[in-house]
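Engineer: Show me how the following folds:
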Amino acid sequence: MTTSQVKDQIEEFLLQNLESTEHFLVKVTVGSGKVNEGKVQILMDSDAGITIDDCAVYSRKLGKYLDENDFFEYNYTLEVASPGLDFPLTSERQFLKNIGRTLILELKEGASVEGKLLAFEKDILGIETTEKTKGKKVVINTTEIPLINIAKAKVTVSFK
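Structural biologist: Numbers count the residues shown, from 1 in each chain. Alright, predicted model coming up:
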């Protein structure tokens, strides 16, 4: 079985075995090559935030499934985790979950935009940006950015 086929079967299994409708699959990575061969990484999330216990449940279920179906002829490493703040937002549910938070968007054209995510609808982000003018006046702008124009989107961490 190819790496791509293994990945597809893992995704299908996890989607069919979600513990809650709040949980969703973010990414499945099946390593290949000498360095990553045998590494299976699953990133799960939840509308309310996924817990370590949730990850453990998915790890046990998936590990049993992989072992029972002989996916690998060698030892493998299984990692089930949440994407964390440093992982880019990639799915509609991640954008919806982060409405109200500040994002840094790297646009495909090379520019970057930092602003508060106000809305996400029909693959368009509503972003509120602020800028200071020379007179130290703060100007608030609201703009819509199509998802197709975004190379990378990350949540910023604020310690205010």
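
Engineer: ok, residue 91 - contacts?
Structural biologist: 24, 26 (Cβ atoms under 8 Å, 6 or more residues apart in numbering). (C-beta placed from N, C-alpha, C; glycine too.)

Engineer: Show me the chain divided up by domain.
Structural biologist: Domain assignment for the chain by automatic domain parsing gives 3-81, 92-155.

Engineer: how about JSON lines for these, with mean neighbour count added?
Structural biologist: Below are the domains of the chain laid out as JSON lines (neighbours: other Cβ atoms under 10 Å):
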{"stretch": "domain 3-81", "mean neighbour count": "15"}
{"stretch": "domain 92-155", "mean neighbour count": "14"}
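
Engineer: Make JSON lines from those domains and add mean pLDDT to it.
Structural biologist: Shown next, in JSON lines, are these (pLDDT from 0 to 100):
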{"stretch": "domain 3-81", "mean pLDDT": "88"}
{"stretch": "domain 92-155", "mean pLDDT": "91"}
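
Engineer: CA atoms only: put stretch 113-133 into CSV for me.
Structural biologist: Presented in CSV, the C-alpha positions along stretch 113-133 are these (Å, rounded to 0.1, in the frame of the first residue of the first chain):
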residue,chain,number,x,y,z
VAL,A,113,-2.0,41.6,7.2
GLU,A,114,-2.6,41.5,10.9
GLY,A,115,-6.1,42.0,12.2
LYS,A,116,-9.0,40.7,14.1
LEU,A,117,-11.1,37.9,12.4
LEU,A,118,-14.6,39.2,12.4
ALA,A,119,-16.3,36.7,10.1
PHE,A,120,-15.7,33.7,7.9
GLU,A,121,-18.3,33.1,5.3
LYS,A,122,-18.2,31.4,1.8
ASP,A,123,-14.4,31.3,1.9
ILE,A,124,-14.0,35.0,2.7
LEU,A,125,-12.5,36.4,5.8
GLY,A,126,-13.7,39.6,7.3
ILE,A,127,-10.7,41.2,9.0
GLU,A,128,-10.6,44.4,11.1
THR,A,129,-7.2,46.1,11.0
THR,A,130,-6.0,49.1,12.9
GLU,A,131,-3.3,51.6,11.8
LYS,A,132,-1.9,54.7,13.4
THR,A,133,-1.6,57.9,11.3
